[in-house]
Structure formats: structure tokens, C-alpha cells
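**Q** Here is a sequence together with a model predicted from it:
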Amino acid sequence: MAPRTDASSPSSSANGDSSSSPAKPAAAAAAAAAAAAAAAASTNDNGAETEELIMGYTHSQCVAALRSIEGPNSDVTCRHIFGHGNPDHRLSMLQKVTAVRILDYEKNKATLTPIDDLKSQAAEFHAAHGPILNLRTIVQSKSPSMCLAAEFKRASPSKGVINPSATASGQAVTYAESGASVISVLTEGRWFQGSLDDLRSARLATTTTTKGQSSSKYPRPAILRKEFVFGRYQIYEAAAHGADTILLIVAVTPADLLKVLIDTCREVGMEPLVEVHGQSELDVALNAGARVIGVNNRNLHTFQMDLATTDRTAEELTQRGIKFDHHSCSEEDDTIPEYVLCSLSGMSSPTDVDRYRQIGVGMCLIGESLMRAADPAAAIAGLCLDPADYEKKMMDTAASGGAYTAGTKIVKVCGITNAEDALVACRAHANLIGVIFAPKSKRCVTVEQATEVVRVVRDFGERSGRVDVAYPPTVDTMAPVQSLLVKARALEEATRRPLVVGVFQNQPAEFIREIVEKCGIDMVQLHGKEGMAAASRDICSVPALRAVDIETGHDGTGTVPSADAVQKILDAVTSDPAAILLDTSIKGNKEGGGTGVTFDWGIAEQLQNRGLPVIIAGGLKPDNVEEAVTTTRPWGIDVSSGVEQSPGKKSHEDVRKFVGGARDAAIEASKGF
């Protein structure tokens, strides 16, 4: 398809005007489309080639749509775009969504409102409901607190349906009343189930007076149109529907077009949010004049999540001497940074927020977790946007000194030996996936097996690297029980995506560190006679669970008196481990673990009454997990042989029953607290 050149065109060519950017030569466009069609072709039942359909459009139509927004120097302006110049490239999901958006606007061009009319509508709207808010100003005004962009989306390509019955107006008001300073509204309809009506209703619902001024309840939040923008038309359209700002995604935008779009935003009074992922896209954004830079921690081509993407971008900006530090915004006006850095995906906890606060990020965008939350207001309060709130939360946790009563938060499925079983456990919502490296275990894995398990777990969690379990800096100065309580909270946050735990037994620290590095495991578990100090992060290179054997007989009787066992553990515990795991040890056996026998759960209950959260293992299975969770309310539970068909091979049905039963029982048990 050729670039749009009419006055009401959504794109009006790559540079915004038909006179300044001619169409790609027809021969080149045709060749590209033909190559794309060949790459996307498959064979039907009759042996004839058929082409992939994307929302009713062919793959080659989508390729041509993306080519239509390129300028004459695409080898230069599009070199940052995934697959550019590769005739065999298959479009990523981001590219498919953008292409379909271009084609839909083209298909509906006869019904589009002319740009001049959109400009008039925008002027009338903002005259009646208040002026456009500057995104950079809004974010920096929140310093030293983190600015929250709370997102409204009913669905997404990666997660499917999230909250189909939610209304933009109701959700936006809840967000604003709870402290969100920016409301992000998805307006793409096919994959995200959004619309321009959602944008307008969110804006009107959060406008507290006819002129959009602040009320005693909350200041008016800025409204962000989150869209797959390919032309100036969508910017004018956004302004006419009440938007204060709009998202521009560098990954699908030619460099010359990006500059046109940024300039157009500022022409209508908007400061756009310019999204990048990686250094090449950052270069394009800065060269185009971006001032509010959002880092998508998710690679939208592969859907892999890596929260360190924002950290790397902050470091790159710092090395270039580009000032963005959010902490500086509360100083005198002449020192306010010219740039704002935002983090746009993957966050759901106060630990995530504080992580980015420490490196000078000014805004975090959070969507899915808030859309799924039963109480979005409580979820926002729990983010601790104000650093004083976060510090208080950490101190309250550390100084609580009372019994642990929060119930079961962690479910670990151990003895995993293959990728299929690992994926089943992840899908069942297990937090920890255990792989065993102890040679005497029937479930001992090779480096190759463990590496494959790690790959599957990372893919499920949409991440490309090891998860960093972040502790507050004061954790090492606390008493052991207080330290382990704080670490337990941090581990809860980190295991929102499943982590892989390598289990070792009386093996050298050098070997453990080597396996951690080779396989990419996130944590370790020491299950021998290594002692507490051996479970330190400094020695293992990652956080470590420390197993403590509870000696009993073959039939589960003869356990050491619980009071003696509890005191012995409390006397021995140090702040080195990430958490304590209690497991059954059979009298006379040299090595613990893998017994299939339960111990006296009263020991776990008494330890938690003394403030120490623990994981219990040994003899757990789908038939008794409900009893364990409801009567003892342990912080975590660990299963291995109890969900097996044979050693090293899990029963998928039993894994689902165990994890699901534990979750259901935890909900029921919490009703009394």
C-alpha cells in the first residue's frame, strides 16, 4: 500500500506531509511484499500454498503496511527496527498489531474525521474541561515520591483477557483517588479491547470541575493514550478525546517519523512518552528530541521480561551526562533535570518501585496487577510510592517481633528433572521449582537437564536473566529472626514469577557457584551438614534456603520434643540464609530429605509463633496439603515425591491438585486473621 497523502490521513507519509516524503518505489515494495508472502506461506490440505492471516489481513499486506510509513532513507532511519532488511523476516506481535492498526485506519478512511475538525474539537474540549497537562511537569512534581501511571486495559496479546467487565471511568477514578498521577488507557480494540471512548470517559470521570482544576480529593491526573502510533492523525485524535499525552514506540517507528510525531505532539501542547528497549532505540529517541523516556522492560518482539533493562538505560544516560535523576526535582527550578526516565512494565510490588527509585526513575507504569487486583486502591497503597512509606514498611516488618501470622505464601515443587514437569508446575502457580544436584538422590539432574528447566521457567516468566532478590540495605544489621522475616517478604515479591532453586548436599561452595553460573539458577538450597553460615549469599553467589532436619521414625513418630527442637533451631539460626526449610530426617539415615514422611508440624507452628517464617517439607501430598496449610499456616510448603508417578517424573494432575489445594487452603485459613 502507498503512503497516505490526503489531508485527513492517519499517517500522511513518513514525514507527515505528502510533499516531503515520496512513496517507496513500487518495485521495491512489491519485492518486499513477495518475499514476506513466501516466508509466511504454508500448505493447505490440497497441497496449495496459503498465506497466514492476521486479523483478516495477509502477512504480506501487513509487511507492506509497515513499509508504507518508511521514508526514502529507510536503510538509515529503520536500522533499529527488528527484522528490517531481512526478506525472510516474520513479523513479531508488536509489528503485527501496528500493521493491523495501519490497515484498519486505511480501511476506515472514509469515516475518519478530518484533521482540521479534530483540531477544533480538541480546542473545544480543553476549553471546557481544562488545559492539557505536561507529562514531564506532572512526573517531576511528585518528587521525591514515585509518580504512578496506572493502566486501564481489558486484555493483552501475551496475557489474553484480564478484566473484560471493567469500565474506564470507574477504574480511572479509583486509580486517581488512590494516588495515581497518570492514567494510561489502551485504545487499540482487537487485542486490548480498548477504544477512544475509554480515553474520553477516563478523562471526563477524573475531571473534578468544569475547568479541570484540582479538588480536595485529588489533583487531576494526566491521561495517556497508549496506542500503536504510526502517524500524526492519531495525535490529533487523542487531543480531541481528552488526552494529555500519548505513547510513541520507537521499536516500530522510523527515526525520521519519530521526530515528526514528537514535533506534532508539542504542536498540540503534549509532551509524549517515548518508549525504548535497548541502546539503539535510546539513540533514536534522543536524536528525535524525546524528553520523557519510558523503558519497556519487556521486549515486545519476544515478550521476554528483564527488569534490569531500566537499570541499564539509567546507567547509559548517566554515562552520557544526561540528567534525569528524579531526586533532583524537589530542588530549585534551575536544577530540575531536562529529562525524565520512566519504567513501563513488569512491576507489581513496593520492592520493584523502590528498586527504580534508587536509580532516579521518576515514573512507574503498572497495569496488569492493578487490573487483576480485587482492591486496586489497596494495591496502590501497598506500592509505597512515597519513600517514607517504604522505609516505614520495612522498619515495621523488621521490628514487629510478634508471631508470623500471614499464612502460606510460597509453594515449592522440588525434584523436577525435565522441562515438561517444570512448565506444569509454573502453570499451576508454584513459586519455586527445585532441581536436585545431590548425587545420591534418585532425582539428581545433569547440567543439561537443569539448564533446560531454567530456560522453560524463564520463558514462562517472560524474563531473560536471573531474578535478583532485593533486600533493604539494613537487613544485615537486624537480629536473625527479624532479618529472615524481612527476607521472606522480599522473596515473596521476587517469586511473583517462578524461580529455580538448585538443591545441594554437602558439596563444595566452589562447585555450587559453578553450577549456579552454568545453569542460571536463581537460588540454592543447602540440605546437608553445611551449617547456617554456608547459606550466605556471599558464599553461594545467590540467596540460599537452609534446610533443617527434624529427626523422626520411619512411621513419623518419635520426633524430638517440639519445645527442645524449637529452641535448638532458634539458637542456631543466623541471618545468613534467605529462609529456613524444615524437612523430615529418618533416625539412622545419614542424609535427610526425600523421606516421604511427615514430622511434627507443631514445631513449625511454634517457630512461627516466635516470629520465624518457615517452609515445611516431608511427606506432603495432595491429600494432606490442606491440613498442613490450615492447621499450621506455614510461610511455605515443599513437595517432591508426593506428586510423583515415579522418582523424577511428576504426575501433572497431582501437581495441579497440590498447588491449587494449597492456594485454596491458604485463602480459607486467612479468613480467621
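**A** Arrived safely. Small disclaimer: the values here were computed from a predicted structure and weren't measured.

**Q** When you work out contacts or count neighbours from here on, use the C-alpha atoms and nothing else.
**A** Noted.

**Q** thinking in terms of the whole chain, how far from its middle is stretch 466-484?
**A** 22 Å (Cα atoms, centre = their mean, to the nearest Å).

**Q** Pull out the buried positions in that stretch.
**A** 466-467, 469-472, 475, 480-484 (16 or more other Cα atoms under 10 Å).

**Q** For it, measure first residue to last.
**A** 22 Å (Cα to Cα, to the nearest Å).

**Q** Next: stretch 409-423.
**A** 20 Å.

**Q** so how far is that stretch off the chain centroid?
**A** Put simply, stretch 409-423 sits 21 Å off its chain's centre (Cα atoms, centre = their mean).

**Q** remind me which residues of the stretch 401-550 of the chain are low pLDDT?
**A** Low-confidence regions of the stretch 401-550 of the chain, defined here as pLDDT under 70, cover residues 401-402.

**Q** residues contacting M55?
**A** V100 (Cα atoms under 8 Å, 6 or more residues apart in numbering).

**Q** Just the ones in helices from the buried residues of stretch 466-484, please.
**A** 480-484 (DSSP state H).

**Q** between those, which is nearest E368?
**A** Closest approach between these and E368, by Cα to Cα: L484, at 29.6 Å.

**Q** Pipe the buried residues of stretch 466-484 into JSON lines and attach distance to K649 per row.
**A** Below are the buried residues of stretch 466-484 laid out as JSON lines (distance: Cα to Cα, whole Å):
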{"residue": "R466", "distance to K649": "26"}
{"residue": "V467", "distance to K649": "26"}
{"residue": "V469", "distance to K649": "29"}
{"residue": "A470", "distance to K649": "33"}
{"residue": "Y471", "distance to K649": "35"}
{"residue": "P472", "distance to K649": "39"}
{"residue": "V475", "distance to K649": "39"}
{"residue": "P480", "distance to K649": "37"}
{"residue": "V481", "distance to K649": "36"}
{"residue": "Q482", "distance to K649": "38"}
{"residue": "S483", "distance to K649": "36"}
{"residue": "L484", "distance to K649": "33"}
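
**Q** D75: which element?
**A** Assigned by DSSP states H and E, D75 falls within helix 74-77.

**Q** Can you name every helix or strand that that helix contacts?
**A** Here helix 74-77 touches no other helix or strand, going by 3 or more Cα pairs under 8 Å, 6 or more residues apart in numbering; DSSP states H and E.

**Q** which element follows that helix toward the C-terminus?
**A** helix 93-107.

**Q** Please identify the buried residues of that following helix?
**A** Here helix 93-107 shows 94-103, 105-106 as buried, counting by 16+ other Cα under 10 Å.

**Q** ok now the longest helix that the chain contains, how far from the chain's centre?
**A** Taking DSSP H as the criterion, the chain has its longest helix at helix 652-670. Centroid separation for helix 652-670 versus its chain: 24 Å, with Cα atoms, centre = their mean.

**Q** And it, what's buried?
**A** 652, 654-663, 665-666, 669.

**Q** likewise stretch 124-140?
**A** Neighbour-count burial for stretch 124-140, counted by 16+ other Cα under 10 Å, picks out 125-126, 129-136, 138-140.

**Q** roughly how far is that stretch from the heart of the chain?
**A** 29 Å.

**Q** what's next to that stretch, contact-wise?
**A** Under the criterion Cα under 8 Å, 6+ apart, residues 147, 181, 204, 207, 209-213, 222, 240-245, 269-273, 291-292, 326, 329-330, 339-340, 362-363 lie in contact with stretch 124-140.

**Q** Would you mind writing the ChimeraX command to select the buried ones in those residues?
**A** Applying 16+ other Cα under 10 Å to the contacts of stretch 124-140, the buried members can be selected in ChimeraX as follows:
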select :147,181,204,207,212,222,240,241,242,243,244,245,269,270,271,272,273,291,292,326,329,339,340,362,363
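
**Q** Tell me which of the contacts of stretch 124-140 fall in strands.
**A** 147, 222, 245, 273, 292, 340, 363 (DSSP state E).

**Q** Next one: the first one from A422, what distance?
**A** Computed as Cα to Cα, the C147 to A422 distance reads 37 Å.

**Q** Okay, now the unreliable bits of the stretch 101-250 of the chain?
**A** Applying pLDDT under 70 to the stretch 101-250 of the chain flags residues 209-217.

**Q** Just the strands from it, written as ranges.
**A** Secondary structure of the stretch 101-250 of the chain, counting by DSSP state E, counting those that start in this stretch: strands at 147-152, 155-156, 160-161, 182-186, 222-226, 245-249.

**Q** is it possible to export those strands to JSON lines including distance to L385?
**A** Output for those, formatted as JSON lines (distance: least, Cα to Cα, whole Å):
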{"stretch": "strand 147-152", "distance to L385": "7"}
{"stretch": "strand 155-156", "distance to L385": "26"}
{"stretch": "strand 160-161", "distance to L385": "28"}
{"stretch": "strand 182-186", "distance to L385": "13"}
{"stretch": "strand 222-226", "distance to L385": "17"}
{"stretch": "strand 245-249", "distance to L385": "22"}
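
**Q** Torsion angles phi and psi at the residue sitting nearest the centre point of the chain?
**A** Nearest residue to the geometric centre of the chain (Cα atoms, centre = their mean): G346, 1.8 Å. Recorded main-chain torsions at G346 are phi 90, psi 0, according to degrees, to the nearest 10.

**Q** swap in the one 3 residues further on?
**A** Reported as degrees, to the nearest 10, the phi and psi values for S349 are phi -140, psi 160.

**Q** so who does the closest residue to it other than its chain neighbours touch?
**A** Closest residue to S349 apart from its sequence neighbours, by Cα to Cα, 6 or more residues apart in numbering: L383 at 5.5 Å. Applying Cα under 8 Å, 6+ apart to L383 gives the contacts 348-351, 353.

**Q** hmm, 10 Å instead?
**A** 146, 148, 347-354, 389-390 (Cα atoms under 10 Å, 6 or more residues apart in numbering).

**Q** same check, this time on E338
**A** 136, 291-292, 322-325, 329.

**Q** measure it to N287 for me?
**A** Distance, E338 to N287, using Cα to Cα: 15 Å.

**Q** Could you dump the contacts of E338 into TSV and include distance to V76?
**A** Shown next, in TSV, are the contacts of E338 (distance: Cα to Cα, whole Å):
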residue	distance to V76
R136	30
R291	22
V292	24
I322	24
K323	28
F324	28
D325	32
C329	36
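
**Q** Of those residues, which belong to helices?
**A** Using DSSP H, these in helices are R136.

**Q** Quick check: of the contacts of E338, which lies closest to C540?
**A** Set against C540, the nearest of the contacts of E338 by Cα to Cα is D325 (33.7 Å).

**Q** does the nearest residue to that closest one once chain neighbours are set aside count as helix, strand or coil?
**A** Distances taken as Cα to Cα, 6+ apart place G360 nearest to D325, at 4.2 Å, with adjacent residues excluded. What DSSP: H, G, I helix; E, B strand; the rest coil gives for G360 is coil.

**Q** how far away is G360 from G461?
**A** Distance from G360 to G461, by Cα to Cα: 26 Å.

**Q** which one of the two has more residues nearby?
**A** Between G360 and G461, counting by other Cα atoms under 10 Å, G360 is the more crowded of the two (22 against 19).

**Q** What is the nearest of the contacts of E338 to E492?
**A** D325 (28.8 Å).

**Q** Can you get me a residue count around F511?
**A** Going by other Cα under 10 Å, the residues that sit close to F511 add up to 12.

**Q** and it, what helix or strand is that in?
**A** helix 509-519.

**Q** Determine the set of other helices and strands touching the next helix or strand after that helix.
**A** Sequence-wise, the next helix or strand downstream of helix 509-519 (DSSP H and E) is strand 523-526. Counting contacts by 3 or more Cα pairs under 10 Å, 6 or more residues apart in numbering; DSSP states H and E, strand 523-526 packs against strand 432-436, strand 499-504, helix 509-519, helix 537-540, strand 544-552, strand 579-586.
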